[in-house]
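Q: Sequence below, structure please.
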Amino acid sequence: MKRHFTATAFIVDSSNRTLLLWHKRLQRWMPPGGHTDPDELPEETAKRECKEETGLDVEIVGGASEDLFASCPREGQMLKIPIAMLLENIPDCPERDEPAHQHMDFLFLARPIDEAQDLVLAEEEGEDIKWFTKADIEALDQESEIFGNVKAYILQILE
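A: A predicted model of the protein is given here:
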């Protein structure tokens, strides 16, 4: 089975809300994300997808770790630590001529760089975009409105 690298960003604002879009093909509320371009780091993918799908410039928030390159920066750099790494089963999509495959998805936490930015929905991806509180997420139905794993991650993030 083919596997693709992807990255997803859970954007959380200063009011502790998360931004989701109603995904046209999946017919579910989803965070922005997508396939990693050639030579692109996962955190760069997450930032690019946020801009493309929501219009927001974001900062990727990563866990602190010891900088193993502090004394030798020309050897490399530390990457942001994702909040999770998933292997997701993606069903076939005949209308896009895509066979079933898997996504190796890097999940990141992100914050808007400027909360005064206007939201701009990528209409080829989504039908709607909005901010959700924890209570809003808890009220979403896992059978018809949001995938269970997406809901679980958001509720964990918004605690």
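Q: all strands in this protein, in order from the N-terminus.
A: Secondary structure of the chain (DSSP state E): strands located at 3-11, 18-23, 28-30, 33-35, 58-61, 84-90, 101-112, 126-132.
Q: In CSV: those strands, plus mean neighbour count.
A: Every residue, glycine included, has its C-beta placed from N, CA and C. Below are those laid out as CSV (neighbours: other C-beta atoms under 10 Å):
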stretch, mean neighbour count
strand 3-11, 21
strand 18-23, 22
strand 28-30, 20
strand 33-35, 17
strand 58-61, 19
strand 84-90, 13
strand 101-112, 20
strand 126-132, 16
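Q: Give me the pLDDT value at the residue of the chain most remote from its centre.
A: Of all residues in the chain, Ser71 sits farthest from the chain's C-alpha centroid, using C-alpha atoms, centre = their mean; the distance is 32.5 Å. On pLDDT, Ser71 comes in at 93.
Q: Next: the one 5 residues further on.
A: Gly76 is assigned a predicted lDDT (pLDDT) of 92.
Q: a markdown table for the strands of the chain, including mean pLDDT?
A: Below are the strands of the chain laid out as a markdown table (pLDDT from 0 to 100):
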| stretch | mean pLDDT |
| --- | --- |
| strand 3-11 | 97 |
| strand 18-23 | 97 |
| strand 28-30 | 97 |
| strand 33-35 | 96 |
| strand 58-61 | 96 |
| strand 84-90 | 94 |
| strand 101-112 | 97 |
| strand 126-132 | 96 |
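Q: On the strand side of things, show who Val58 bridges to.
A: In this entry, Val58 is beta-bridged to Pro112, by DSSP bridges.
Q: list the contacts for it?
A: 9, 11, 46-47, 50-51, 110-113 (C-beta atoms under 8 Å, 6 or more residues apart in numbering).
Q: Show me what the helix ranked longest in the chain is packed against.
A: Counting by DSSP state H, the longest helix found in the chain is helix 42-54. Here helix 42-54 touches strand 3-11, strand 18-23, strand 33-35, strand 58-61, strand 101-112, going by 3 or more C-beta pairs under 8 Å, 6 or more residues apart in numbering; DSSP states H and E.
Q: now do 6 Å
A: strand 3-11, strand 58-61 (3 or more C-beta pairs under 6 Å, 6 or more residues apart in numbering; DSSP states H and E).
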